[in-house]
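*Asks:* Turn this into a structure:
(2 chains)
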Amino acid sequence: ETGVTQTPRHLVMGMTNKKSLKCEQHLGHNAMYWYKQSAKKPLELMFVYSLEERVENNSVPSRFSPECPNSSHLFLHLHTLQPEDSALYLCASSRETAPGYNEQFFGPGTRLTVL
Amino acid sequence: AQSVAQPEDQVKVAEGNPLTVKCTYSVSGNPYLFWYVQYPNRGLQFLLKYITGDNLVKGSYGFEAEFNKSQTSFHLKKPSALVSDSALYFCAVRVLMNRDDKIIFGKGTRLHILP
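*Replies:* Residues are numbered from 1 along each chain as shown, chains lettered A, B, ... in the order given. Sure, this is the predicted structure:
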């Protein structure tokens, strides 16, 4: 295991639901990331947190709302999603965001299906 | 524009044969290069990275990669493939954008090792 856990592993939700994805890292890292992995598309970086402060938001729709209460936990709150938001959502952590030679450790992902 | 490319969507190799998964990059400044592997229903796992020094980098599971500055390549190699190496492989490169470190991932190459 990589030391990064994600729950739930699978989630099915309707477009009007509100749900949250949870990520926890046990590695003592200071940086955490959310990625979206869709079929036939490159891995998309959504959000980056460094020491609980959001340092990057890659033009992600407001129906995705991240929260980082401490350096070990990261949440992704979901509301009024669209079917095209169905994807594998991956959480990752690294020692620091910079310099950029720190490898990232990924969780197993949450497979999200929006009906 | 800064980028990373994996020119092959799929690579098929017979078990026991050497394998190569290709990666080329275009960055400003010194490149930091990474390889990750993703097994089915799992997150990405770090394999190896090049920061500086010896052009041949050794990583996990018997994999190695060769940094070639003149060809701007960082191909992943293994002398003798195993069926268990079948997975999705991602090359990644650190880029500097607006003085911020970012890691961008290639689209991935699916490796099939044939028994």
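
*Asks:* wait, what's in contact with the residue nearest the centre of chain A?
*Replies:* Closest residue to the average C-alpha location of chain A: residue A:34 at 2.7 Å, with CA atoms, centre = their mean. Applying CB atoms under 8 Å, 6 or more residues apart in numbering or on different chains, we find residue A:34 in contact with A:23, A:45-47, A:66, A:74, A:76, A:89-91. Backbone N, C-alpha and C define where each C-beta goes, glycine included.

*Asks:* which of these are buried?
*Replies:* Neighbour-count burial (16 or more other CB atoms under 10 Å in any protein chain shown) applied to the contacts of residue A:34 gives A:23, A:45-47, A:66, A:74, A:76, A:89-91.

*Asks:* biggest separation within those residues, which pair?
*Replies:* Within these, two members stand farthest from each other by CB to CB: A:23 and A:45, at 14.5 Å.

*Asks:* burial of residue 7, as a residue count?
*Replies:* Let's take chain A. Look at residue A:7: counted by other CB atoms under 10 Å in any protein chain shown, it has 13 neighbours.

*Asks:* Can you look at chain B instead?
*Replies:* Neighbours around residue B:7, by other CB under 10 Å: 11.

*Asks:* Ok, the one 5 residues further on next?
*Replies:* With neighbours defined by other CB under 10 Å, the count for residue B:12 comes to 12.

*Asks:* How about residue B:34?
*Replies:* That count, for residue B:34 with other CB under 10 Å as the rule, works out to 29.

*Asks:* Can you list the strands that the lengthiest strand in chain B pairs with?
*Replies:* Longest strand in chain B by number of residues (criterion: DSSP state E): strand B:87-97. Using DSSP bridges, the strands paired with strand B:87-97 are strand B:32-38 (antiparallel), strand B:100-105 (antiparallel), strand B:109-114 (antiparallel).

*Asks:* Of those, which shows the lowest average pLDDT?
*Replies:* Lowest mean pLDDT within those: strand B:100-105, at a mean of 82.

*Asks:* And that strand, what's buried?
*Replies:* Neighbour-count burial for strand B:100-105, counted by 16+ other CB under 10 Å, picks out B:101-105.

*Asks:* Kindly report the same for stretch B:70-81.
*Replies:* B:72-76, B:78, B:81.

*Asks:* is chain A contacted by that stretch?
*Replies:* No: residues of stretch B:70-81 contacting chain A under CB under 8 Å from any CB of the partner chain: none, with a closest distance of 13.8 Å.

*Asks:* Any idea which helix or strand in chain B has the lowest mean pLDDT?
*Replies:* Least confident helix or strand, chain B: strand B:100-105 with a mean of 82, by mean pLDDT, DSSP states H and E.

*Asks:* Pull stretch B:106-115 out as CSV, backbone CA atoms only.
*Replies:* What follows is stretch B:106-115, C-alpha atoms only, in CSV (Å, rounded to 0.1, in the frame of the first residue of the first chain):
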residue,chain,number,x,y,z
GLY,B,106,1.5,11.9,-20.5
LYS,B,107,-1.7,10.2,-21.7
GLY,B,108,-0.4,6.8,-20.7
THR,B,109,0.8,3.6,-22.6
ARG,B,110,-0.9,0.3,-22.0
LEU,B,111,1.6,-2.5,-21.8
HIS,B,112,0.5,-6.0,-22.6
ILE,B,113,2.9,-8.8,-21.8
LEU,B,114,1.9,-12.0,-23.7
PRO,B,115,2.5,-15.3,-22.0
